[in-house]
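S.K.: structure of the sequence below:
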Amino acid sequence: MSLQHKKTFSVVLATGLLLSFGGSLQAVGPDEAKLKDSRQQGIKYLSVTQSDDGSWTSPHAPGITALVAHSLLQSGVSREDEVVQAAFAHLKSHLKADGGIYDVDSSHRNYETSIALMAFQAANTDGRYNELIQNAVKFLKKVQWDEEETGSKADPAFGGSGYGKHQRPDLSNTTFFVEALKTAGVSSNDPAMQNALTFISRCQNLESEHNTTEFASKVNDGGFYYTIAAGGSSQAGTTPNGGLRSYASMTYAGLKSMIYAGVKEDDQRVKAARNWIKQFYTLDENPGMGQQGLFYYYHTFAKTLAVLKVDEFEEADGTKHDWRQELANHLFQVQKKNGSWVNPTDRWFEGDPNLVTAYALLALSYCDPPTSN
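M.R.: Predicted structure coming up:
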């Protein structure tokens, strides 16, 4: 779908109740029995595909194992479940003296540690992982790009996080970093969070006092792209004038991270990002990227709308959506008979059913019908 044209998209509600009062929608979420059944199928699939060593996909990919473990916990599996315990034992085998949780030969240290931290925090109701989590926070702060790497806060790379300390930072890694710190209880006022916000703001197509980079005004649509560092890059490509195209998964990720970093909803950055997502509501694709990164998009889409406390999503043209119901129904429809999900467009490891099933379960974890106050 070209972001230069208004998308055409019709939502078919396969199941569930959608009530109308005075022309507005009452968000009620998906059918709870179907939601429970879908989750159980996904959980069952992952319990079968776990390796004897507690990992999924590869013993050298703790990020995938951590994401799967986190998705199981978010889906109601007990932290004492033998599958979860085996996963945590495997993750602990990747614990390093510097506090990081990553494979010895990894170039994905920030990503792996961030996701592992979130998994351990989800199981930390009695404080059993406090020390591990705090050490992981210290490690993540050390690998964040600061003036030691950039020489100046004016450098576009300042405040970002990448796969490893000496790889240029990007928005995806930085949003995992911010969420990990938020999960661990780090204040939005913490210097690490505010430095990350500096980087995130510079990855937004919005000219403001927060973004005076060379790309800020070239697109200026309020969306986000992959990175401003090392000359700038967007996975969605460039515009004729050399701008970096916005795309949905990074826009939702950037918006969510700004909220985590304390940016208020009346801030121009948040308003501009929300206006962008109102233009491109769809579950058919990851707007700007087509089928690439589709399940990463579903997970980020769901979590961001939950963070924003959106029950009824309203498009720019006024069309309203019970997004929980629509997302859940879509995921029910594309779930495989064996309980897994997979993306036929195998980019960013989305041909791996373990990873994609974890993304889908995490997305479904935000689809529970909202509780009334």
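
S.K.: use CA for all of it now, contacts and neighbours both
M.R.: OK.

S.K.: now find how far off-centre stretch 235-249 is within its chain.
M.R.: From the chain centre to the centre of stretch 235-249 is a distance of 20 Å (CA atoms, centre = their mean, to the nearest Å).

S.K.: what's the answer for stretch 90-107, then?
M.R.: Worked out by CA atoms, centre = their mean, stretch 90-107 lies 22 Å from the chain centre.

S.K.: what sits up against it?
M.R.: Residues outside stretch 90-107 that contact it (CA atoms under 8 Å, 6 or more residues apart in numbering) are 53-55, 60-63, 65-66, 108-109, 112-113, 116, 132, 135-140, 163-164.

S.K.: what about the stretch 251-373 of the chain, any weak spots by pLDDT?
M.R.: Low-confidence segments of the stretch 251-373 of the chain, defined by pLDDT under 70: 371-373.

S.K.: derive a ChimeraX selection command for the buried subset of the contacts of stretch 90-107.
M.R.: Selecting only the buried entries of those in ChimeraX, with 16 or more other CA atoms under 10 Å as the criterion:
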select :54,55,60,61,62,63,65,66,108,109,112,113,116,132,135,136,137,139,140,163,164
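
S.K.: which element follows the host helix or strand of Glu149 toward the C-terminus?
M.R.: Per DSSP states H and E: Glu149 is located in helix 147-150. Using DSSP H and E, the helix or strand that follows helix 147-150 in sequence is helix 171-183.

S.K.: quick one: mean pLDDT over the helix or strand just after that following helix.
M.R.: Downstream of helix 171-183, the next assigned helix or strand under DSSP H and E is helix 191-202. The average pLDDT for helix 191-202 rounds to 97.

S.K.: counting by contacts, list what whichever helix in the chain runs longest packs against.
M.R.: In terms of residue count, the longest helix belonging to the chain (DSSP state H) is helix 32-49. Packing partners of helix 32-49 (3 or more CA pairs under 8 Å, 6 or more residues apart in numbering; DSSP states H and E): helix 323-334, helix 353-364.

S.K.: residues in contact with the last one?
M.R.: Here helix 353-364 makes contact (CA under 8 Å, 6+ apart) with 35, 39, 42, 46, 49, 56-57, 64, 67-68, 71-72, 74-75, 295-296, 298-300, 302-303, 327-328, 331, 340-343, 349-350.

S.K.: if you set the cut-off to 7 Å instead, what comes out?
M.R.: 39, 42, 46, 56-57, 64, 67-68, 71, 74-75, 295-296, 298-299, 302, 328, 340-342, 350 (CA atoms under 7 Å, 6 or more residues apart in numbering).

S.K.: one step back: buried stuff in the longest helix of the chain?
M.R.: The neighbour-count check on helix 32-49 (16+ other CA under 10 Å) flags Leu35, Ser38, Arg39, Gln40, Gln41, Gly42, Ile43, Tyr45, Leu46, Ser47 as buried.

S.K.: put together JSON lines for those, with pLDDT and distance to Lys92 on each row.
M.R.: Below are the buried residues of helix 32-49 laid out as JSON lines (pLDDT from 0 to 100; distance: CA to CA, whole Å):
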{"residue": "Leu35", "pLDDT": "97", "distance to Lys92": "32"}
{"residue": "Ser38", "pLDDT": "98", "distance to Lys92": "30"}
{"residue": "Arg39", "pLDDT": "98", "distance to Lys92": "26"}
{"residue": "Gln40", "pLDDT": "98", "distance to Lys92": "26"}
{"residue": "Gln41", "pLDDT": "98", "distance to Lys92": "27"}
{"residue": "Gly42", "pLDDT": "98", "distance to Lys92": "24"}
{"residue": "Ile43", "pLDDT": "98", "distance to Lys92": "22"}
{"residue": "Tyr45", "pLDDT": "98", "distance to Lys92": "23"}
{"residue": "Leu46", "pLDDT": "98", "distance to Lys92": "20"}
{"residue": "Ser47", "pLDDT": "97", "distance to Lys92": "19"}
